[in-house]
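Participant: Predicted model follows, preceded by the sequence.
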Amino acid sequence: AALPCQVVDHYENPRNVGSLDRNAKNVGTGLVGAPACGDVMKLQVEVDESGRIVDARFKTFGCGSAIASSSLATEWVKGKTVDEALKIRNTDIAKELCLPPVKLHCSMLAEDAIKAALADYKLKQNPKKEESEKKA
């Protein structure tokens, strides 16, 4: 019988592990960490011309819940637009994985990683702004 909670499945069979080309203009990279527990999460998204996330990859150093949270996050962002992906909340991740309260920071890390990756992507889309600031 399938368990209602996917945390073990995502931990034992994490999806989308790996890296995308961090120098590509359409790839956003988010690196977040929780010093309190030593978890570090790198999440990357690849966005197509229409602003839809076509791929996502992660590398997480941390506990099973952190790995499961980032695995689920990459599954969820795929196929979404950037704006839709920004609406993913740690509470939804925690609910899906049935994380206990002590592990809620893992799902928060995943939400932060999504936001950081999308912020990096958006920054790469407007490089002119940065260059004009450098000249000033």
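Facilitator: Thanks, I have it. Keep in mind that this is a model prediction, so the values were computed, not measured. Numbers count the residues shown, from 1 in each chain.
Participant: Would you mind confirming that D21 is in contact with V27?
Facilitator: Yes - proximity of D21 to V27 meets the contact threshold set by CB atoms under 8 Å, at 5.8 Å. Any C-beta I mention is one placed from the backbone N, CA and C, and that applies to glycine too.
Participant: Neighbour count for those two, which is higher?
Facilitator: With other CB atoms under 10 Å as the criterion, D21 and V27 differ in neighbour count, and V27 comes out ahead with 21 against 11.
Participant: Which pLDDT value goes with the residue most central in space within the chain?
Facilitator: Geometric centre of the chain, nearest residue: I114, 3.5 Å, by CA atoms, centre = their mean. According to the model's per-residue confidence, I114 sits at a pLDDT of 98.
Participant: just the one 5 residues further on next, same as before
Facilitator: Taken from the predicted model, the pLDDT recorded for A119 is 98.
Participant: and it, what is it in contact with?
Facilitator: In this structure, A119 makes contact with 28, 30, judged by CB atoms under 8 Å, 6 or more residues apart in numbering.
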